[in-house]
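# quick one: sequence and predicted model below, then my questions.
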Amino acid sequence: MSSLYTQALQHHTNSFRAVLSALDRQHHWFDRVDEVAADINSETPLQAMASYHPTCGLFIRLGRPIQDAAQLSSICTRHRLELVPQSAGRWLLTPTAGTDDNLPAIQLILD
């Protein structure tokens, strides 16, 4: 018979393993967000920083506002993404139609 403390440790250990497993399955998503942010930094003055938050998921913080969608057109084409305005200071990079990568959209948030 295990103690309550041991049960609690076991529960949290199993939860932690599940989170690590889920993150590992999404590793290629993290790589893609890193690549997109790096391309934004090399081709625009937007000051992008790839970010992650447990409740928000993956997103890119921008230090400067997007003035014109054309700023990101070559990046969107290369990564097969479409730039969709959401609200003031927020944009969404969504996979283009017919993309079979099953990757989530990437939020762009003005910091």
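It's in. Note that the structure is a prediction, hence the values are computed from the model and not measured. Residues are numbered from 1 along each chain as shown.

# what's the neighbour count on residue 63?
12 (other C-beta atoms under 10 Å). All C-beta atoms are positioned from the backbone trio N, CA, C, and that covers glycine.

# start the count at 11 instead of 1 going forward.
Got it, first residue is 11 now, which makes that one residue 73.

# quick check: phi and psi at it.
phi -80, psi -20 (degrees, to the nearest 10).

# now do the same contact list for it.
56, 57, 58, 59, 121 (C-beta atoms under 8 Å, 6 or more residues apart in numbering).

# go again with 6 Å.
Applying C-beta atoms under 6 Å, 6 or more residues apart in numbering to residue 73 gives the contacts 57, 121.

# report the central residue of the protein.
Computing the C-alpha centroid of the chain and ranking residues by C-alpha atoms, centre = their mean puts residue 68 first, at 2.5 Å.

# I'd like the average pLDDT over the helix or strand harbouring that one.
If you go by DSSP states H and E, residue 68 is part of strand 67-72. On average, the pLDDT along strand 67-72 is 94.

# show me what counts as buried in that strand.
68, 69, 70, 71, 72 (16 or more other C-beta atoms under 10 Å).

# name the surrounding residues that touch it.
43, 47, 56, 58-62, 117-121.

# one more time with 7 Å, if that's ok
With C-beta atoms under 7 Å, 6 or more residues apart in numbering as the test, strand 67-72 has contacts from 39-40, 43, 46-47, 56-62, 116-121.

# from those, list just the buried residues.
Here, 16+ other C-beta under 10 Å leaves 39, 43, 46, 47, 56, 58, 60, 61, 116, 117, 118 buried among the contacts of strand 67-72.

# quick check: longest helix of this structure.
helix 14-35 (DSSP state H).

# continuing past that helix, what's the next helix or strand?
helix 37-53.

# give me the angle between that next one and strand 67-72.
With axes from the mean of the first three to the mean of the last three C-alpha atoms, to 10 degrees as the basis, helix 37-53 and strand 67-72 are set at 10 degrees to each other.

# partner strands of whichever helix or strand comes after helix 37-53 and their direction?
Next along the chain after helix 37-53, taking DSSP H and E as the criterion, comes strand 58-63. Using DSSP bridges, strand 58-63 pairs in its sheet with strand 67-72 (antiparallel).
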